[in-house]
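> Need a 3D model of the sequence below.
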Amino acid sequence: MNPLKAVMQQAVAGMGLESRRITVAAENISNVDTPGYQKKLLAMQPQIGGADSFAAMKEILDETPGERNYQPSHPMADQDGYVTMSNVSLVMEMADMREANRTYEANLNAFQQARSMYSSLLDILRR
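Residues are numbered from 1 along each chain as shown. You can find the predicted model right below:
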């Protein structure tokens, strides 16, 4: 296989992965104040070979219990008057989203560099 094509395919696969990470982080951030919400995580299982080396991804729920607040008048309060809040940490989600964004940009730069090299190679071969 053409090495430049392989680099471009890996970069595209990486951008797809980071796009999913950004989506999951955005969903978690949007539900940070939702009582009972469980944080979503991406479970990645690397596969050997092929362009989509991280194609096996699934969303799982973080089983860590959320903070319990005493709010007896809340509609979601239990019999003791406690409401289980979300287990999402806004700081951690923002950091994860920033990391995913930077990694997406790195994959995009790798793709653009490989495309530029491929284009230069085609120009040389035309002469």
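
> Contact partners for the closest residue to Thr84 other than its chain neighbours?
Leaving aside its sequence neighbours, Thr84 sits nearest to Gly66 (Cβ to Cβ, 6 or more residues apart in numbering; 5.0 Å). Every residue, glycine included, has its C-beta placed from N, CA and C. Gly66 makes contact with Pro35, Gly36, Tyr37, Gln38, Thr84, Met85, Ser86, Asn87, according to Cβ atoms under 8 Å, 6 or more residues apart in numbering.

> switch to 6 Å and redo it
When contacts are counted by Cβ atoms under 6 Å, 6 or more residues apart in numbering, Gly66 touches Thr84, Met85, Ser86, Asn87.

> Any idea what the first one is bridged to?
Each beta-bridge partner of Thr84 is listed here, defined by DSSP bridges: Arg68.
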